[in-house]
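**Student:** Next one to model:
(one chain, ligands or ions: 2)
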Amino acid sequence: MEKLSIVVPCYNEEEVIEIFYKEIEKVKKKFSKKKVKLEVVFVDDGSSDKTLEIMKKLSKKERYINYISFSRNFGKEAAMLAGLEHASGDYVTIMDVDLQDPPELLFEMYDLIKIEDYDSVGVRRTTRVGEPLIRSFFARMFYKLINKISKVEMVDGARDYRLMTRQMVNSILSMKEYNRYSKGLFSFVGYKTKWLEYENVERVSGETKWSFWKLFIYALDGIVAFTTAPLMIATIIGVIFCLISFVAIIFIIAKTLIWNDPTSGWPSMVCIMFFLSGIQLFCTGIIGWYLSKTYLETKRRPVYIIKDTNL
Ligand code: UDP
Ligand code: MG
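**Tutor:** Residues are numbered from 1 along each chain as shown. Ligands and ions are numbered 1, 2, ... in the order given. Just a heads-up that it's a prediction; the model follows:
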């Protein structure tokens, strides 16, 4: 019998976890008709509510449900990694617990891999209904930008929800980097991927764990993890400004020699100084960002720490 593992990262999800369980029970029944066994790996990402308690209760009740609990909140990326590392299925999927990743899509995903020989089936939402407008705007901009400056293709609206073969999961796990950006890693490993489209579903209960700021930093992490283009851009900006100032200096010398100009234009000078030091700081910042990531990478710290598990 084949086994399908569902990895479920959870952070303070006491409100939705039981609702999720009920949906998974339905999926499980249908899959057992297809002779596919299910396994659920809940990852408690350092929740401070009753999430872990409920997970423990469910795993006592059902043998196919397992849990891993972190010693603190390590973020969704870490939770996904822990889940993938501990999942034992022939097929593995990552699913949000808030039912924004419709569990019924799993059947179609499974068939596509089984029958049409894909290695992975991902889902992308075509609408962003129920999301703040400004967030959608920045998300679109981010995908446009990263696809221009990075060789690894990232699909707009793609979710972390996808079904993968064991081979693909192993490839993803073979990448040991500390700064993990899954959307990029999935795309980096290659393989044949099919995209299913669906309309955005709002979460059943509770609220999103991502603030605008958290998402913004996550986007920057994605850029730093998958392209060094910003370093190149910083260099080019530097060269352009050197050229401009060189031309300007020659112009000023010529002007002084011909018209013997008295000192004037201090305000404009101050503006230019501010502008240029702004650019300098910006570029140093870019370099610093890469340096800090390299720094964390060389420390080889664990991506997550497990405090409690039944596995
Ligand atoms: N999540 C997590 N750790 C975090 C933040 C979120 O494990 O630090 C989980 C969360 O419990 C949920 C999934 O990641 O299952 C997606 O989070 P959320 O629904 O808040 O994000 P959104 O759907 O709004 O992008
Ligand atoms: Mg959600």
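**Student:** Would you list the phi and psi of Arg124?
**Tutor:** Main-chain torsions, Arg124, degrees, to the nearest 10: phi -130, psi 140.
**Student:** centre of the chain versus stretch 238-250, how much separation?
**Tutor:** Relative to its parent chain, stretch 238-250 has a centroid offset of 40 Å by CA atoms, centre = their mean, to the nearest Å.
**Student:** what residues does this protein put near ligand 2?
**Tutor:** Applying CB under 5 Å from the ion, one finds that the chain approaches ligand 2 through 96, 98, 100, 203. In short, each C-beta sits where N, CA and C put it, glycine included.
**Student:** Tell me how many other residues crowd the last one.
**Tutor:** Same thing as Arg203. By other CB atoms under 10 Å, the residues close to Arg203 number 16.
**Student:** Tell me the pLDDT of the nearest residue to it once chain neighbours are set aside.
**Tutor:** In space, and not counting its chain neighbours, Arg203 is closest to Asp98: 3.6 Å by CB to CB, 6 or more residues apart in numbering. What the model reports as pLDDT for Asp98 is 90.
**Student:** right, and Asp98 touches Gly206 too?
**Tutor:** Yes - counting by CB atoms under 8 Å, Asp98 does reach Gly206; the two are 6.5 Å apart.
**Student:** who's more crowded, the two?
**Tutor:** Shown here are Asp98 and Gly206; by other CB under 10 Å, Asp98 has more neighbours (22 against 16).
**Student:** does Gly122 count as helix, strand or coil?
**Tutor:** At Gly122 the chain is in strand, as set by DSSP: H, G, I helix; E, B strand; the rest coil.
**Student:** Bridged to it, which residues?
**Tutor:** Listed by DSSP bridges, the beta-bridge partners for Gly122 are Arg162, Trp195.
**Student:** residues touching it, list them.
**Tutor:** Contact analysis of Gly122 by CB atoms under 8 Å, 6 or more residues apart in numbering lists 155, 158-159, 161-162, 186, 193-196.
**Student:** on that earlier part again, could you pull out the residues contacting both of Asp98 and Gly206?
**Tutor:** Common contacts of Asp98 and Gly206 (CB under 8 Å, 6+ apart): 13, 16.
**Student:** Mind giving me the packing neighbours of the helix or strand where Ile258 lies?
**Tutor:** Using DSSP states H and E, Ile258 sits in helix 229-259. Under the contact criterion of 3 or more CB pairs under 8 Å, 6 or more residues apart in numbering; DSSP states H and E, helix 229-259 touches helix 266-299.
**Student:** tell me the angle the helix it packs on makes with helix 229-259.
**Tutor:** Counting by axes from the mean of the first three to the mean of the last three CA atoms, to 10 degrees, helix 266-299 lies at 160 degrees to helix 229-259.
**Student:** Adjacent strands (with direction) for whichever helix or strand comes after helix 266-299?
**Tutor:** As assigned by DSSP H and E, the chain's next helix or strand after helix 266-299 is strand 306-309. Using DSSP bridges, strand 306-309 pairs in its sheet with strand 65-70 (antiparallel).
**Student:** I'd like the next helix or strand past the strand it pairs with.
**Tutor:** According to DSSP H and E, the helix or strand after strand 65-70 is helix 76-86.
**Student:** Give the helix, strand or coil label for the nearest residue to Phe31 once chain neighbours are set aside.
**Tutor:** Nearest residue to Phe31, sequence neighbours excluded (CB to CB, 6+ apart): Leu38, at 5.7 Å. When classified by three-state DSSP, Leu38 comes out as strand.
**Student:** what does the one 4 residues further on give?
**Tutor:** Under three-state DSSP, the three-state class of Phe42 is strand.
**Student:** residues contacting it?
**Tutor:** By CB under 8 Å, 6+ apart, the contact list for Phe42 reads 8, 10, 17, 55, 58-59, 65-68, 97.
**Student:** Return the member of the residues you listed nearest to ligand 2.
**Tutor:** Among these, Val97 lies closest to ligand 2 (CB to the ion), at 8.3 Å.
**Student:** Can you list the low-confidence ranges for the chain?
**Tutor:** Residue ranges of the chain with pLDDT under 70: 261-264.
**Student:** Fine by me, thanks again.
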